[in-house]
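*Asks:* what follows is a predicted protein model with its sequence.
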Amino acid sequence: METALAAEPLLSLAVSVTSEQCVESVLKKIVAGLATQPGVALARIWLLPSVHIPASWQEGSHPLENVEHLRLVASAGTPNNSPGEDWSFLQGQFARFPLSIGKVGQVAADRQPILIRDFAPQDSWIVRPEWAQREGISSFAGYPLIFRDNLLGVIGVFSRRPLDDQEFTWLGVFANHAAVAIANARAFEEVEKLQRRLQGENEYLQEQVQRASEFGEILGRSKALSEVLRNARLVAPTDSTVLIGGESGTGKELVARAIHDRSGRQARPLITVNCASIPCELFESEFFGHIKGAFTGALRDRLGRFQLADKGTLFLDEVGEIPLGVQSKLLRVLQEGTFERVGEDLVRRVDVRVIAATNRELFDEVEAGRFRRDLYFRLSVFPIKMPPLRDRLEDIGLLAEHFATLASQRLKISHAQLTDSDMELLASYAWPGNIRELKNVIERAVIISQGGPLRVDLALGPCGRNPAAFRASVLSKQEMQRRERENILKALEQSKGKIYGRDGAAEILGMKPTTLTSRMKKMRIRASKAAGA
């Protein structure tokens, strides 16, 4: 009579499972291999949660929630007299075993194997005696899965033939090999997971290096900015969600970075997502990632921004651009810390602090039905309002000097100081583009000056929300002509009447010599007279 568990088939199975590098594949291969042995009706593996929980395992309520449980993670068998039963099903009555409860829990608690050679009709070890009788179950063997003195779980075999001591010993040898295979596959998955995460972080950091911080350090002494920084210092050590509002170009990302750098998450990355630049159909993939083949163009697995930001901070810039359909999934991550990658059923957990920013009046978007009310209140736990540059007049000079220095260094142009008249001109402008516009204006002035006197050129217009400042900058046509004439005369005086070439009036004014001579002719200005003035 052929034995249920023979040495040679078990050895062959042990060699086969050691080649697997995926925990779930190892588990399925073990139970499937055991289930094909002569006389074996059912083979199962239960693991502790810290070892591995496959995608198919779903958490459910249990009367002993605080007790450590074994979880059924793999099952295979062939029912003979139980039509409709799926013995690969991982849920139901035997999905979890508290340690010390039942034969499986006892094996785990004592770390000792159990062999039930022949079930008596009313054996206390059998929870479903009618099932055992119907299926002709005769024996049960359970072994603890132990690797380097760490309990991984329990392997159990139900046989329709009585198991003898020799077969029980062979199963023990196989259980040791199985524990090694599970531990090795788990280690390989962890290494692969870390490699994918590191690759994702490197890709993201390379993107960040390519587009360096737009404004440099946060600079300013104004009361409005001091209030912002005070609030940032207060909220930084907490894990509270922050919503930074303000016009475009006010430096919202810099404040988000300052909060992250002063938080307990500073050792992990600050991951930035510009929600305004993501196509609607790619939001889920960008946030949560996807698996290979999830959609056309998904050629490989990709980590989402939430996974990259795990244990760190995620900065959602222009959060008001997120489509309504994605907002509910974002809310779930914020409330529960769980998400699923596109094309995958596995529920993943992350620990992410979210800082959001918007240049919209987000509550108006809520009232208009374009933004979820519950998400708005979840994001705005600690709101910070960035002041526009026109409300930080005392900071303009400091910022302008800083940007001039940075631009001169980057462009390799001699640095020129801003004059008092330039400062007055900058302070009188409404700055609709805020700090971003100021940076661009100063960089343009550095390029035009080419090491000479810094000439600030503002394209003034009816913009911004400071009409008084705009009116102070408006000049009549006659005044504009008078100032242009005076400016040309000063340039000619400085160049001693020289129009063309290096240090000529045309170069000082930043215009073509032919344009300058044409204007001089129109204004009846003679270079020699201007030089001798």
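*Replies:* Here it is on my side, so go on. Numbering: from 1, shown residues only.

*Asks:* which one is Ile259 nearest to, not counting chain neighbours?
*Replies:* Spatial nearest neighbour of Ile259, chain neighbours left out: Ala236 (4.7 Å); criterion: Cβ to Cβ, 6 or more residues apart in numbering. Bear in mind the C-beta positions are built from the backbone N, C-alpha and C, glycine included.

*Asks:* from Ala258, how far off is that neighbour?
*Replies:* 7 Å (Cβ to Cβ, to the nearest Å).

*Asks:* check Gly84 too.
*Replies:* On the measure of Cβ to Cβ, Gly84 and Ala258 end up 62 Å apart.

*Asks:* mind listing what Pro453 touches?
*Replies:* For Pro453, the contact set (Cβ atoms under 8 Å, 6 or more residues apart in numbering) comprises Ala416, Thr419, Ile508.

*Asks:* one more pass at 10 Å, please.
*Replies:* Neighbouring residues of Pro453 by Cβ atoms under 10 Å, 6 or more residues apart in numbering: Ala416, Gln417, Leu418, Thr419, Asp422, Ala445, Lys490, Ala491, Gln494, Ile508.

*Asks:* so the third one sits against Ala427, correct?
*Replies:* Meaning Leu418. No - using Cβ atoms under 10 Å, Leu418 is not in contact with Ala427, being 11.2 Å away.

*Asks:* which residues do the two both contact?
*Replies:* With Cβ under 10 Å, 6+ apart, Leu418 and Ala427 have common neighbours Gly397, Ala400.

*Asks:* which helix or strand in this structure has the lowest average pLDDT?
*Replies:* Lowest by mean pLDDT, DSSP states H and E among the helices and strands of the chain is helix 467-473, with a mean of 44.

*Asks:* any chance of the contacts of Pro453 in CSV, plus secondary structure?
*Replies:* Listed next are those as CSV, based on DSSP: H, G, I helix; E, B strand; the rest coil:
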residue, secondary structure
Ala416, coil
Gln417, coil
Leu418, coil
Thr419, coil
Asp422, helix
Ala445, helix
Lys490, helix
Ala491, helix
Gln494, helix
Ile508, helix
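
*Asks:* Gly501 contacts Ile508, correct?
*Replies:* No - between Gly501 and Ile508 there is no contact under Cβ under 10 Å: 11.3 Å.

*Asks:* more crowded one of these two?
*Replies:* The neighbour comparison of Gly501 against Ile508 (other Cβ atoms under 10 Å) goes to Ile508, with 22 against 11.

*Asks:* show me what contacts the closest residue in space to the more buried one that isn't next to it in sequence?
*Replies:* Nearest non-adjacent residue to Ile508, counting by Cβ to Cβ, 6+ apart: Ala491, 4.5 Å away. Residues near Ala491 by Cβ under 10 Å, 6+ apart: 453, 498-499, 504-511, 516, 530.

*Asks:* out of these, which is most surrounded?
*Replies:* Ala505 (28 neighbours).

*Asks:* and the gap between that residue and Ala445?
*Replies:* 18 Å.

*Asks:* just checking, next helix/strand downstream of the helix or strand where Arg197 lies?
*Replies:* Using DSSP states H and E, Arg197 sits in helix 165-210. Counting by DSSP H and E, the next helix or strand C-terminal to helix 165-210 is helix 223-235.

*Asks:* name every strand pairing with the helix or strand just after that next one and say which way it goes.
*Replies:* The helix or strand immediately downstream of helix 223-235 is strand 242-245, counting by DSSP H and E. Sheet pairing of strand 242-245 (DSSP bridges) gives strand 353-358 (parallel), strand 382-385 (parallel).

*Asks:* deepest of those strands, which one?
*Replies:* strand 353-358 (a mean of 26; mean count of other Cβ atoms under 10 Å).

*Asks:* so for that one, mean pLDDT?
*Replies:* Averaged across strand 353-358, the pLDDT comes to 96.

*Asks:* how about the helices in the stretch 51-200 of the chain?
*Replies:* 102-110, 129-135, 165-210 (DSSP state H, counting those that start in this stretch).

*Asks:* from what I see, Ile101 and Val107 are in contact.
*Replies:* No - between Ile101 and Val107 there is no contact under Cβ under 10 Å: 11.0 Å.

*Asks:* overlap in contacts, the two.
*Replies:* In contact with both Ile101 and Val107: Leu70, using Cβ under 10 Å, 6+ apart.

*Asks:* ok, these two, which is more surrounded?
*Replies:* Applying other Cβ under 10 Å to Ile101 and Val107 shows that Val107 carries more neighbours, namely 27 against 16.

*Asks:* show me the contacts for the more buried one.
*Replies:* 46, 70, 97, 99-100, 113-114, 141-145, 151, 153-156.

*Asks:* buried subset of those residues as a ChimeraX selection?
*Replies:* Applied in ChimeraX, the following selects the buried portion of the contacts of Val107 according to 16 or more other Cβ atoms under 10 Å:
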select :46,70,97,99,113,114,141,142,143,144,145,151,153,154,155,156
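
*Asks:* give me phi/psi at the spatially most central residue of the chain?
*Replies:* In the chain, the residue lying closest to the centroid (Cα atoms, centre = their mean) is Arg305, at 2.6 Å. Dihedral pair for Arg305: phi -60, psi -30, per degrees, to the nearest 10.

*Asks:* is Gln478 in a helix, a strand, or coil?
*Replies:* helix.

*Asks:* how near is it to Ser428?
*Replies:* Where Ser428 is concerned, Gln478 sits at a distance of 19 Å (Cβ to Cβ).

*Asks:* same question for Arg161.
*Replies:* Separation of Arg161 from Ser428 (Cβ to Cβ): 97 Å.

*Asks:* what of Ala35?
*Replies:* Applying Cβ to Cβ, the value for Ala35 to Ser428 is 84 Å.

*Asks:* shaky segments in this structure?
*Replies:* 1-7, 50-67, 120-125, 201-217, 451, 459-477, 479, 528-533 (pLDDT under 70).

*Asks:* quick one, domains of it?
*Replies:* 7-189, 212-387, 388-474, 476-533 (automatic domain parsing).

*Asks:* so which of these gets nearest Arg196?
*Replies:* Of all the domains of the chain, domain 212-387 sits nearest to Arg196, with 6.1 Å by Cβ to Cβ.

*Asks:* from the chain's centre, how far out does that closest one sit?
*Replies:* How far domain 212-387 lies from its chain's middle: 9 Å, per Cα atoms, centre = their mean, to the nearest Å.

*Asks:* do stretch 449-459 as well
*Replies:* 42 Å.

*Asks:* could you list the buried residues of it?
*Replies:* Residues of stretch 449-459 classed as buried: Ser449, Gly452, Leu454, Arg455, Val456, Leu458 (neighbour count, 16+ other Cβ under 10 Å).

*Asks:* what values do phi and psi take at the closest residue to Leu299 other than its chain neighbours?
*Replies:* Leaving aside its sequence neighbours, Leu299 sits nearest to Lys292 (Cβ to Cβ, 6+ apart; 6.6 Å). Per-residue torsions, Lys292: phi -60, psi 130 (degrees, to the nearest 10).

*Asks:* give me the number of residues near Lys292?
*Replies:* Neighbour number of Lys292 under other Cβ under 10 Å is 10.

*Asks:* kindly report the same for Leu379.
*Replies:* Going by other Cβ under 10 Å, the residues that sit close to Leu379 add up to 25.

*Asks:* now do the contacts for it.
*Replies:* 241-243, 316, 319, 330-331, 334, 354-358, 362, 371-372 are the contacts of Leu379 under Cβ under 10 Å, 6+ apart.

*Asks:* how about Arg44?
*Replies:* Arg44 sits in contact with 27, 30-31, 34-35, 72-77, 87-88, 90, 94, 104, 142, 154-158, where contact means Cβ under 10 Å, 6+ apart.
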